[in-house]
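# Okay, predicted coordinates and the sequence, questions at the end:
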Amino acid sequence: MRTGSRRRHDPGPAAEALRLVKVRKTYGNDDSAVTALDGITLSLGRGTFTAVMGPSGSGKSTLLQCAAGLDRPDSGIVRVDGTELTGGGEAELTRFRRGRVGFVFQQYNLLETLTVAQNTVLPLKLAGRRIDRRRAEDVLASVGLGDRLGHRPDQLSGGQRQRVAIARALVTDPRVIFADEPTGALDTRSAREVLRLLREAVRVHGRTVVMVTHDPVAASYADAVLFLADGRLAGRMEAPTPDAVAERLAHLGDEAERRAQLGDDLTAGV
């Protein structure tokens, strides 16, 4: 990862927030090997909100993990905010993630022993950065939790916990936010509020959001949807609507089922 000069003088956000070039990722060996990503190449501009969708096993979560530097591809290039993540050491990669990447997960990943305020500033503490408690309070107020600073996670609803997770992602001023099924465990009203906050992070604060989701309604909050099937890009949809996304997903699911059935038939004939 070529980051040395950037740490001394950060020239600002790159025009291209995320770029993958021929990224491959395989799990297992020999006959049991499963190709999760099969030569993925894509580019996402800064200040965009992109949803990633596809049938089960299509490679969505693997794509997110490799793009975010949480997992390493077997081959190919991953660049986030202009910096190549492939090839560097783990310590260097961790510093990069803490400085320029934010994460929002389905299960919140909050520490139960810490308050809302403490959970929010935890990434700053782990990165050894100065903790600006006033800014943290402002971020929490912006997600509707200004009156919950001293509460612990077990005193919050699911929607409120996810809003803490979003505040935690925002407080480090990340260039890119990766969200993995951020509304999967929420009721409809809470999910809508979380999606509004993610969209606001893009449109008001200029962040780039990449979100894996299975929900066509959630995807409709994004500027565009990338579809995956069998570890490959299977299309892109601009200005998505829930109905259009659902129809496209159904088509991809039918194709995946037909391919799986064909594979079973061929195996049975061996």
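Perfect, thanks for sending it.
# name the element residue 177 belongs to?
strand 176-180 (DSSP states H and E).
# got the CA coordinates for that strand in PDB?
As requested, the backbone C-alpha atoms of strand 176-180 are provided in PDB (Å, rounded to 0.1, in the frame of the first residue of the first chain):
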ATOM      1  CA  VAL A 176     -15.800   6.100   2.100                       C
ATOM      2  CA  ILE A 177     -18.500   4.400   4.300                       C
ATOM      3  CA  PHE A 178     -19.100   0.600   3.700                       C
ATOM      4  CA  ALA A 179     -22.400  -0.600   5.000                       C
ATOM      5  CA  ASP A 180     -23.200  -4.400   5.100                       C
END
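# For it, name the packing helices and strands.
helix 60-67, strand 101-105, helix 188-203, strand 208-212 (3 or more Cβ pairs under 8 Å, 6 or more residues apart in numbering; DSSP states H and E). Where C-beta positions appear, they are placed from N, C-alpha and C, glycine not excepted.
# Can you say which of those is packed in most?
A comparison of the helices and strands packed on strand 176-180 by mean neighbour count, using mean count of other Cβ atoms under 10 Å, puts strand 208-212 on top with a mean of 26.
# Show me the strands paired with it, marking each as parallel or antiparallel.
Note on strand 208-212: by DSSP bridges, its sheet partners are strand 49-53 (parallel), strand 176-180 (parallel).
# May I have the phi/psi pair for residue 147?
phi -100, psi 20 (degrees, to the nearest 10).
# Would you mind measuring from it to residue 141?
9 Å (Cβ to Cβ, to the nearest Å).
# can you pull out the helices in the stretch 1-150 of the chain?
4-8, 60-67, 90-100, 116-126, 133-142 (DSSP state H, counting those that start in this stretch).
# For residue 186, find the nearest of those.
Closest to residue 186 of these is helix 116-126 (Cβ to Cβ; 17.3 Å).
# Output that closest one as PDB, nothing but the C-alphas.
Backbone C-alpha positions of helix 116-126 (Å, rounded to 0.1, in the frame of the first residue of the first chain) are rendered in PDB as follows:
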ATOM      1  CA  VAL A 116     -23.300   6.000  23.400                       C
ATOM      2  CA  ALA A 117     -20.700   8.800  23.500                       C
ATOM      3  CA  GLN A 118     -17.900   6.400  24.300                       C
ATOM      4  CA  ASN A 119     -18.800   4.000  21.500                       C
ATOM      5  CA  THR A 120     -18.900   6.900  19.100                       C
ATOM      6  CA  VAL A 121     -15.400   8.100  19.800                       C
ATOM      7  CA  LEU A 122     -13.900   4.600  20.000                       C
ATOM      8  CA  PRO A 123     -12.400   4.700  16.500                       C
ATOM      9  CA  LEU A 124     -10.600   7.900  17.300                       C
ATOM     10  CA  LYS A 125      -9.200   6.400  20.500                       C
ATOM     11  CA  LEU A 126      -8.100   3.300  18.700                       C
END
